[in-house]
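Peer 1: Mind folding the following:
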Amino acid sequence: MRRQRQTARKERGYILVNVNPHCVLATVQFPSHSLRAMRSTQPMIFVAIVEPSQIEKADTVDMAVRLGYDKILIENSGTNLHEYLTEAQNALNSQEIVRTSMAISESVYTALDKSRDLVLITDTNSIVQYVNCPFALVLGYSRDEIIGKQATIYQDHMDLVPALRQLEKGFEWLGKIRWRSKSGDIVGLQCRALPFSPLTTLPTHYLYMQDNPFENHIYPRGSLPSIRKGSYDLKSIISEGSARRQSLAKLYNLPLEAPITKVLSLLCSAQENAAPSVVQMLEQVMDILRTTELYTSHLKTDNLRAEDPLTKNLIAALVAPATSAVMPRRSSSESIVTKKKPGIKKNNVMLPMSKELREEMDKISSWDFDVIQIEKMTSCKPLVYIGMRIFSTFSVHRTLAVDEKTIYGWLVTMEKNYKPANTYHNSTHAADVLQATACFLIKLRQKKLLDPLDEACCLIAATAHDLGHPGKSNTFLTNSSHDLAILYNDNSVLEQHHAALTFKLTLSDERINIFKGLDRKTYPLARACIIEMILATDMSKHYEHYTKFVTVFNKPNEENAENRQRERKNSSECDNDGKHITPEDIMLVKRMLIKCADVSNPTRPIHLCKQWAGRIAEEYIAQTDEEKSRDLPIILPGFDRDNLSIPKTQIGFMDYIVNAMIEEWDSFIEMPEMLYHLRKNYDYWRELSEKGVTGIEDPEKRRSSIENCTQVEQLTENKTPRRESSSEESSNLN
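Peer 2: Sure thing, here's the model as predicted:
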């Protein structure tokens, strides 16, 4: 009998250890040491079954509680096994709710300890009930030194009094609290406090949330970086503010301004003599403002030089917004990924090239690349040649999952729909912008901001950004009630036409549809990106895009940059400069990229800069001629054949559009060759303007050059007869 009991005990132990049940029904006589051992190793619900005669004994219930039973059931003769199991299930469910609540609470505590914010929880008497790790680290205390103490002990100047008044009424409170650290330093933090109750409707606890001054807004909300010990780095905050003020000063001195420029300038001025806590709060304000749509600009005529009406008219015509309301900008989408199609063959398209053309094309990655020379060598078809080389270099056919024949057909179609009669807005200009875009993309690869589809969209947008351009400006189309102006409601007429025509032609023929390899999810994202970039070339939105780029990507001084780099080197959410990049920021970079490529002529070598200046002047002159013949308002009176000054128009364009933007872009991608040519070209045009020259060259230098060429020709002619005479004499001798 004893052996049978031992065997039964072993079997029960085996089942409990190996089966791992959720609920165990047992009598009170179940061995207590076994129950405690099992409860310590694995979670179970233990239900005690007690006979009616035993329940009357006072020590029976006490014993069951001491042993650790979760529930007691009274055994009845009429109770069947199903009823016992039902009771056991109820007990299990109730315990599961408790365990789930405990697990959730533990998860919340873990998240709070990893949070960027400083979190403090008190009861209604301001007794500290909880602080997270960042809060304790900032003040220099341990948790045990804070929990259970009055919160007012750790703050100064009675800052909690107004907060408590609001919290007692059940209202949320926003304000500043100055906390006293263990070392005696005062740390002012912007605080958000709110009352809450975990159980009843009346508030029983107060929650205080504050930003972490050690992080200095490096990490976005939602990231979980480790909290590092440090000091309140006022120097870095002031240095960052100084760098921002330098960039914003450039914006303030420009002849056009947006409301956001005024706001940011005032905030920067307020930072000059503000307390450290206020400096940090104002940085927060500026970070918030830069994400809002406050960048639409208007002409600030008082900063335009009154003595230079030509420049005033040029800039006003280029950047003045249309009469209709400006449509809100679409926000950028999340990261774009193409669907992969294995087995896509390259199908090399071999274009006929002379040796000279091939040598010129080999220079395509250089900023000094001569696209006008390619225009001459390809019989005015530079876009196909340059496009095929660049698209192949960036493996666009693989990214779009199409073959190169499709790419070639698409480029041919694009080039055919540029108007060769335009002296400036033709396929050569498109090829020039495409080559500039490729140079920028190569530089941007160091920052690892763009994925292959981003690059492909940039190249496509550059290729088609002026497709179907009629050689007239937006304002001309609006004033003349052109069909395009009526179609697009006078709003970015040309840019909307370029984008619409691009997709209309591309989708109309499957043989040239470069998007046919994209899946349904990817194509709309690629289309939105291309349209957004083409619309960004509207000069009436120039200061909107430029201002936002400056406020988001202004470059800090070197010392501050090094400090940030050391602090952020372990963050996977930052770019190579240690700056967190959002999808909106990436779209902003792509807008700035195509804008700089579109107006890059003044940053090219002087011989190219002069040719482009002559071409755009001729196109504007033709527009002025037509405005006169049709009795339309003269948009650009300075571009009249009788009183044109190309140097003045170039200086004005560079002063108010190109110089500042290219400087900011260079500081972002680091292309010093742009600034080198820009400054040389500016000096060239200024020298001509000071001499009163109105053309693209100095007549005296040109006359001197012609005379030198004539002298060389005469010398050559004088030498040639002698050789012929000598030849004749030799012949006669023979």
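Peer 1: Strands of the protein, residue ranges please.
Peer 2: Secondary structure of the chain (DSSP state E): strands at 23-27, 45-50, 71-74, 118-123, 128-131, 155-156, 173-180, 186-196, 205-210, 256-257, 298-299.
Peer 1: now the helices for the stretch 301-450 of the chain?
Peer 2: Remark: helices assigned in the stretch 301-450 of the chain by DSSP state H, counting those that start in this stretch are 309-319, 355-361, 371-377, 382-393, 396-400, 404-416, 427-444.
Peer 1: and the ones you listed as JSON lines, adding distance to Ala163 and mean pLDDT?
Peer 2: All C-beta atoms are positioned from the backbone trio N, CA, C, and that covers glycine. Shown next, in JSON lines, are the helices of the stretch 301-450 of the chain (distance: least, Cβ to Cβ, whole Å; pLDDT from 0 to 100):
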{"stretch": "helix 309-319", "distance to Ala163": "48", "mean pLDDT": "69"}
{"stretch": "helix 355-361", "distance to Ala163": "70", "mean pLDDT": "95"}
{"stretch": "helix 371-377", "distance to Ala163": "65", "mean pLDDT": "96"}
{"stretch": "helix 382-393", "distance to Ala163": "61", "mean pLDDT": "97"}
{"stretch": "helix 396-400", "distance to Ala163": "55", "mean pLDDT": "96"}
{"stretch": "helix 404-416", "distance to Ala163": "63", "mean pLDDT": "97"}
{"stretch": "helix 427-444", "distance to Ala163": "47", "mean pLDDT": "97"}
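Peer 1: Distance to Glu455 and mean neighbour count for the ones you listed - can I get that in CSV?
Peer 2: Output for the helices of the stretch 301-450 of the chain, formatted as CSV (distance: least, Cβ to Cβ, whole Å; neighbours: other Cβ atoms under 10 Å):
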stretch, distance to Glu455, mean neighbour count
helix 309-319, 29, 20
helix 355-361, 20, 13
helix 371-377, 20, 19
helix 382-393, 10, 22
helix 396-400, 7, 23
helix 404-416, 14, 20
helix 427-444, 5, 24
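Peer 1: would you turn those helices into TSV with distance to Pro162?
Peer 2: As requested, the helices of the stretch 301-450 of the chain are exported to TSV (distance: least, Cβ to Cβ, whole Å):
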stretch	distance to Pro162
helix 309-319	48
helix 355-361	72
helix 371-377	67
helix 382-393	63
helix 396-400	58
helix 404-416	65
helix 427-444	50
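Peer 1: right, so of those helices, which gets closest to Ser645?
Peer 2: Closest to Ser645 of the helices of the stretch 301-450 of the chain is helix 309-319 (Cβ to Cβ; 6.4 Å).
Peer 1: Make TSV out of the strands of the chain and add mean pLDDT, distance to Gly387 and mean neighbour count.
Peer 2: Below are the strands of the chain laid out as TSV (pLDDT from 0 to 100; distance: least, Cβ to Cβ, whole Å; neighbours: other Cβ atoms under 10 Å):
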stretch	mean pLDDT	distance to Gly387	mean neighbour count
strand 23-27	68	73	17
strand 45-50	71	72	21
strand 71-74	68	78	16
strand 118-123	91	55	21
strand 128-131	92	62	20
strand 155-156	70	65	18
strand 173-180	80	55	17
strand 186-196	84	53	19
strand 205-210	90	54	21
strand 256-257	56	34	22
strand 298-299	55	37	15
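Peer 1: quick one: which of those is nearest Leu266?
Peer 2: Closest among the strands of the chain, once you apply Cβ to Cβ, is strand 256-257, at 12.4 Å.
Peer 1: what's the spacing between the nearest residue in space to Glu168 that is not next to it in sequence and Val433?
Peer 2: Excluding the flanking residues, the one nearest Glu168 by Cβ to Cβ, 6 or more residues apart in numbering is Thr124, at 7.4 Å. Applying Cβ to Cβ, to the nearest Å, the value for Thr124 to Val433 is 66 Å.
Peer 1: ok, now which ones touch the closest residue to Ser492 other than its chain neighbours?
Peer 2: Closest residue to Ser492 apart from its sequence neighbours, by Cβ to Cβ, 6+ apart: Asp538 at 4.5 Å. For Asp538, the contacting residues are Asn474, Ser492, Leu494, Glu495, by Cβ atoms under 8 Å, 6 or more residues apart in numbering.
Peer 1: Just the buried subset of these, written out for PyMOL, thanks.
Peer 2: Paste this into PyMOL to select the buried members of the contacts of Asp538, with burial taken from 16 or more other Cβ atoms under 10 Å:
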select buried, resi 474+492+494+495
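Peer 1: now, which of the contacts of Asp538 sits nearest Cys380?
Peer 2: Leu494 (21.9 Å).
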